[in-house]
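Chemist: Give me a 3D structure for the following:
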Amino acid sequence: MPVRRIALSAFAVLLILVCGGLGLAVATQGWQAQPKYALDLEGGTQVILKARSNTGEPISSEQMNQARNIIAQRVNAMGVAETEISVQGGTNIMVSVPGSIDQKTSDALRRTATLAFRPVLIQGAPNATASDGGGSDGTSEIDQAKAQAASDGGGAQAAPKATGSDAGGASDAGGGASPTVVNGKPAWSLEQITPEVEKQWTSLDCTDAEVRRNHDVNSAPKSAVVACAPDGSAKYILGPETADGTSITDAKAAPQENSTYYQVSMNFDKAGGKAFGDMTTALFNGEGATGQFAIVLDSLVISAPQVQAPTYGGASITGNFSADSAQELADQLKFGALPLEFTVESEQEISATLGGDQLQKGLIAGLIGLVLVVVYAFFQYRVLAIVTTLSLLTMGMLAYGIITIMSNMSEIGFRLSLAGVAGLIVSIAFTADSFIVYFERVRDEIRDGRGIRAAVDHGWDRAKRTILASDAVNLIAAVVLYLVSAGSVRGFAFTLGLTTVLDLVVVFLFTHPILQTLVRTNFFGKGHPMSGLDPAQLGRNVPAYAGRGRFRSPDERKGRRSRRGGDDAPTETLAERKVRLEREMEDDA
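Modeler: The predicted structure follows:
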């Protein structure tokens, strides 16, 4: 099968998957047939949270900023996009959510952040089940994990390392410590694993984002629990809490000595340091199921370091930390257990800041731009402009389908803002530019004397490099803008980047193959005056026919005859004329 047919078939499959999949989901899953809008176009719900300190101490700006970050992480994890979260008045956090707010989001906003330290009993694959070990209730798999933990320390050799430090951070403050012996057994003992925990280990699938969001371990501080990594890459069985986040007095990120990596140092109060020290001593001496402990924030294991030395009063966590990742972990340790409670001060519906009329005007502007591009294409390229029109239509279908699918998926929750619409409109110009570059390269090849079919192939070889370079620049700009911006500007960057990628897909899988197919017809292949590929209209005074050799004008042919002897040359014999014509035909071929 020719390459052009393979490309067109792949493009047809992609179009059917996107548009057909969306139509099927609308019919069977209750999805919306259009993208969901952001705050500026649809409006939504505004919730004002009032912070109150549990200790009665004044609330610092650092605590409020970290509380804002934690709330933002929770809301984003639930797939609520285009949410605006800001600190106001020193003790208030204002959350504006597109559309109506559900009970799950409302509960997440009110929940107090919790941080705890637990020993790691077993670490395994994120979706490990009983069938992996041959048992029906998970017992066989747990037994295998216990045997592995006993033989190699839990397989945690690649984990970050925690080393001891007795410097600073100790105080007489109570609280923050949990008993290291629970139900008559050490918290780090495998005997803490109950049949209920084994069943939960079997059933919990940490690769499912919805499962990770809804799974709670904070409600069981005095028993073993099953927990997931934030990215769903691992699943853990953890022992009871030995210390909680309120026992941390400070946490900092700093460069490691003689290394390009960073480390995180944390200090505990007196009671928390004692409990944490007892746990790390036992884990270091091999008394635990593994040599690891877990740092659990909002029911997720954000780090599981391997104990390298007993540690009382403070500890340092080392690993392949960059400056940013180390600072992030330090902030989570320092503010992960905020002594703050949030109450809903007010909750009200808010109207769209721009409204549907602005969206309508934006769509009209985009439609006008699209019509002008099509009109220009027909004026410049005649019937060849049908390729441009079809390419723009198919790209629009792909962009609409993908954006609508992303809007309906709860894991993504994309919302289309007016800035995003602007990105879609701007993409029309970038897409048209790719077609113009390609067509002009083909027409240049025809002007240079190539046949039409050969001009399409050679013109594509020249044009695709320019198109790739141009779209690469656009994509880099979109990615950088998305990473450094916030709010609706990210919506513009996202749609711009998406349409840039789709431009490459359409040009490579549709525009070029469809033009290759068209030039094999008489209308385009023989250079009809309305085809846009007529050699005579492009400056070549030749008959309209397709060929792979060079075109020669009547003047060029006359010049060749003159060089053979001119008009006064002796009359050719029939045999000589036949030989000459055969040679000319060979030259033209």
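
Chemist: now the residue nearest the centre of the chain: how far from residue 508?
Modeler: Taking C-alpha atoms, centre = their mean, the centroid of the chain lies closest to residue 412, which sits 9.2 Å from it. Here the criterion is C-beta to C-beta, to the nearest Å. By it, residue 412 lies 26 Å from residue 508. C-beta coordinates here come from the backbone N, C-alpha and C atoms, glycine included.

Chemist: repeat for residue 533
Modeler: 21 Å.

Chemist: Between these two, tell me which one has more neighbours.
Modeler: Between residue 533 and residue 508, residue 533 has the larger neighbour count (other C-beta atoms under 10 Å), namely 30 against 17.

Chemist: Tell me the secondary structure at that one.
Modeler: What DSSP: H, G, I helix; E, B strand; the rest coil gives for residue 533 is coil.

Chemist: Make sure it is actually in contact with residue 446.
Modeler: Yes. Using C-beta atoms under 8 Å, residue 533 is in contact with residue 446, at 6.4 Å.

Chemist: Overlap of the contact sets of the two?
Modeler: 452, 455, 527 (C-beta atoms under 8 Å, 6 or more residues apart in numbering).

Chemist: how about the residues you listed in JSON lines, adding neighbour count and secondary structure?
Modeler: JSON lines is the format used below for the shared contacts of residue 533 and residue 446 (neighbours: other C-beta atoms under 10 Å; DSSP: H, G, I helix; E, B strand; the rest coil):
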{"residue": "452", "neighbour count": "25", "secondary structure": "helix"}
{"residue": "455", "neighbour count": "25", "secondary structure": "helix"}
{"residue": "527", "neighbour count": "26", "secondary structure": "coil"}
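
Chemist: Can you add distance to residue 92 and pLDDT and give the residues you listed back as TSV?
Modeler: Below are the shared contacts of residue 533 and residue 446 laid out as TSV (distance: C-beta to C-beta, whole Å; pLDDT from 0 to 100):
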residue	distance to residue 92	pLDDT
452	69	89
455	67	91
527	72	85
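
Chemist: of those residues, closest to residue 378?
Modeler: residue 527 (17.6 Å; C-beta to C-beta).

Chemist: Phi, psi for the closest one please.
Modeler: Backbone torsions for residue 527, taken as degrees, to the nearest 10, come to phi 70, psi 50.

Chemist: Please renumber the chain so that the first residue is 22 from this point on.
Modeler: All set: I'll call the first residue 22, so the last point we hit is now residue 548.

Chemist: Quickly note the distance from it to residue 82.
Modeler: Using C-beta to C-beta, residue 548 is found at 72 Å from residue 82.

Chemist: for residue 30, same thing?
Modeler: Taking C-beta to C-beta, one finds residue 30 at 59 Å from residue 82.

Chemist: the more surrounded of the two?
Modeler: residue 30 (13 against 9).

Chemist: and the helix or strand hosting the more buried one, how far from the chain's centre?
Modeler: According to DSSP states H and E, residue 30 maps onto helix 24-36. Mean-position distance between helix 24-36 and its chain equals 25 Å (C-alpha atoms, centre = their mean, to the nearest Å).

Chemist: On the C-terminal side of it, identify the next helix or strand.
Modeler: Counting by DSSP H and E, what follows helix 24-36 is helix 42-49.

Chemist: For that following helix, name the packing helices and strands.
Modeler: When contacts are defined as 3 or more C-beta pairs under 8 Å, 6 or more residues apart in numbering; DSSP states H and E, helix 42-49 sits against helix 406-429.

Chemist: Around residue 392, count how many other residues there are.
Modeler: 10.

Chemist: Tell me what angle the helix or strand it falls within forms with helix 406-429.
Modeler: In this assignment (DSSP H and E), residue 392 forms part of helix 377-402. Angle, helix 377-402 to helix 406-429, by axes from the mean of the first three to the mean of the last three C-alpha atoms, to 10 degrees: 150 degrees.

Chemist: so what's residue 28 scoring on pLDDT?
Modeler: Predicted confidence (pLDDT) for residue 28: 93.
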